[in-house]
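**Q** got a sequence here, can you model it:
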Amino acid sequence: MFDGGSGVFTAPVGGRFWFGLYIGVYKGSGGYYYQIYMRRNGSTVHYIYTSATRDSRSSYDGRYFNTEVDLAKGDTVYFNTNYYSSSLKYSSGSFIEGKIIKIN
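**A** Numbering: from 1, shown residues only. Coordinates of the predicted model:
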């Protein structure tokens, strides 16, 4: 079950889950960076560090990430950013998606 207010997913059953995350960014010019953490029950499961230089013709850029993770019933998953460029803004088109792949 996903809580849109908190951004936290709680596994309704145990199993293997697939998550996808699209981050659209804008503002500023030139290079930027950010780090995204996937947390299970508050502990880091995966993270990705991204840095890039935007095309001079556009201030928009985006990345899509996906991963699989094993969860027990009641485990929580959320994503958060750390270490990001101060001028960076996230697009309202950014999203998280997920599904269960295999029930234990």
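**Q** for this structure, which segments are assigned as strands?
**A** Using DSSP state E, the strands found in the chain span residues 2-3, 8-10, 15-26, 31-40, 43-53, 61-71, 76-82, 89-90, 95-103.
**Q** mean pLDDT for those strands: which is lowest?
**A** If you rank the strands of the chain by mean pLDDT, strand 89-90 sits at the bottom with a mean of 85.
**Q** contacts for it?
**A** Strand 89-90 has contacts (CB atoms under 8 Å, 6 or more residues apart in numbering) with 23-27. C-beta coordinates here come from the backbone N, C-alpha and C atoms, glycine included.
**Q** are any of the residues you listed buried, and if so which?
**A** 23-26 (16 or more other CB atoms under 10 Å).
**Q** wait, which of the residues you listed is closest to A72?
**A** Taking CB to CB as the measure, A72 lies nearest I23 of the buried ones among the contacts of strand 89-90, at 27.5 Å.
**Q** bridged to the closest one, which residues?
**A** Assessed by DSSP bridges, I23 has beta-bridge partners R63.
**Q** reformat the buried ones among the contacts of strand 89-90 as TSV; add distance to D75.
**A** Listed next are those as TSV, based on distance: CB to CB, whole Å:
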residue	distance to D75
I23	23
G24	28
V25	29
Y26	33
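**Q** what's the most distant pair in those residues?
**A** Spatially, the most separated pair among the buried ones among the contacts of strand 89-90 is I23 and Y26, at 10.9 Å (CB to CB).
**Q** what touches both of these two?
**A** Contacts common to I23 and Y26, judged by CB under 8 Å, 6+ apart, are S91.
**Q** for the contacts of strand 89-90, give me TSV that also has distance to D61.
**A** As requested, these are arranged in TSV below (distance: CB to CB, whole Å):
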residue	distance to D61
I23	9
G24	8
V25	5
Y26	8
K27	10
